[in-house]
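Enquirer: got a predicted structure here, sequence first:
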Amino acid sequence: MSNIKVLPLLEPEAAEGVVPCCPPLTERPLTAEEAERTAAMFKALGDPVRLRLFSLVASHEGGEACVCDISDVGVSQPTVSHHLKKLREAGLLTSERRGTWVYYRVEPSVVAAMGQMLTAAVPAA
């Protein structure tokens, strides 16, 4: 008798409501909804620990990092998990559980949209 059970594959957990944040600031004024969404992303990055975690994930080889590889940021593991959750909720990271570990990736479309928004706002020299 075999104890092998085939489990279905699950899609990686996506952050709810992840859409590009907004148009470049010089294109048109932001709507109230765009301003709310964008503020949440920048607020998530406004914490030094979160910014450091985001940087660690973004710069990790292969564009993704296991939580076991990014835990040394000067705070306890539960605090790291809390900050990673906030970055995920803001749509800046996506996560996928593989066995006992969770792997995080930067959400490239959102980061590109944020960068485009800020780049277009800087006047040419």
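Expert: It's in.

Enquirer: leaving out the residues flanking it, which one is nearest to residue 106?
Expert: residue 58 (4.7 Å; CB to CB, 6 or more residues apart in numbering). C-beta: built from backbone N, CA, C; applies to glycine.

Enquirer: buried residues, the helix or strand hosting that neighbour. List them.
Expert: Element membership of residue 58 [criterion: DSSP states H and E] is helix 48-59. Of the residues in helix 48-59, 50, 53-54, 56-58 count as buried by neighbour count, 16 or more other CB atoms under 10 Å.

Enquirer: how about residues contacting the helix or strand following that helix?
Expert: Using DSSP H and E, the helix or strand that follows helix 48-59 in sequence is strand 64-66. Outside of strand 64-66, the residues that reach it under the criterion CB atoms under 8 Å, 6 or more residues apart in numbering are 56-57, 101-105.

Enquirer: just send those back as a markdown table, with distance to residue 83 and pLDDT too.
Expert: As requested, the contacts of strand 64-66 are exported to a markdown table (distance: CB to CB, whole Å; pLDDT from 0 to 100):
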| residue | distance to residue 83 | pLDDT |
| --- | --- | --- |
| 56 | 11 | 91 |
| 57 | 11 | 92 |
| 101 | 17 | 91 |
| 102 | 13 | 92 |
| 103 | 16 | 93 |
| 104 | 11 | 94 |
| 105 | 16 | 93 |
